[in-house]
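Colleague: pasting the structure only:
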């Protein structure tokens, strides 16, 4: 039973992340469509809103819900996992990912109503946050050793900070060349 639940959990994690990555990319496109001509906006914005709605409610939310059900089911089937130190850190990252999901939902609702003040560049950076969660969680699960996951987690936090700095430097250089 555990292996079947684990398989389903992994499948819905993958589809949930796919939805999170793509929804934020659609946010980028929708925000950049606001900068286009009025005729282009009339076509692009409703199309991006429709695509976002179908993705968000048809794939991302159901995958989130099933992941949120199957994860605790795995812990119920193997309660000893909660005694492992790496699992506490992993669950903290998962909690952070849940918060990320709900913030994305807030952005989704604002964009559906045409009421966001965020830029396409903001959403590009926001998209990378999900990447950091994914990498940190996968490394924690695969490298269960206390030393490895500590260094891995710290390394990915540092990587995230370097990534954000690089994005800001790139944006600054791009703005200077315009």
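Modeller: Good, I have the coordinates. As the structure is a computational prediction, the values presented were derived from the model and not from experiment.

Colleague: can you give me the helices for this structure?
Modeller: For the chain, applying DSSP state H gives helices covering 2-33, 38-55, 61-77, 85-112, 120-142, 146-177.

Colleague: so what pLDDT did the residue of the chain positioned farthest from its centre get?
Modeller: Going by Cα atoms, centre = their mean, the residue of the chain most distant from its centre is residue 39, 31.8 Å out. Per-residue confidence (pLDDT) for residue 39: 93.

Colleague: how close does it get to residue 102?
Modeller: 35 Å (Cβ to Cβ, to the nearest Å). To be clear about C-beta, it is placed using only N, CA and C from the backbone, and glycine gets the same treatment.

Colleague: do the same with residue 14
Modeller: Relative to residue 102, residue 14 is positioned 20 Å away (Cβ to Cβ).

Colleague: ok, now residue 12?
Modeller: 17 Å.

Colleague: which intervals of the chain have sub-threshold pLDDT?
Modeller: Applying pLDDT under 70 to the chain picks out residues 145-149, 153, 178.

Colleague: excluding chain neighbours, give the residue nearest to the residue nearest the centre of the chain in space.
Modeller: Geometric centre of the chain, nearest residue: residue 130, 3.1 Å, by Cα atoms, centre = their mean. By the measure of Cβ to Cβ, 6 or more residues apart in numbering, the closest residue to residue 130 outside its immediate chain neighbours is residue 20, 4.8 Å from it.
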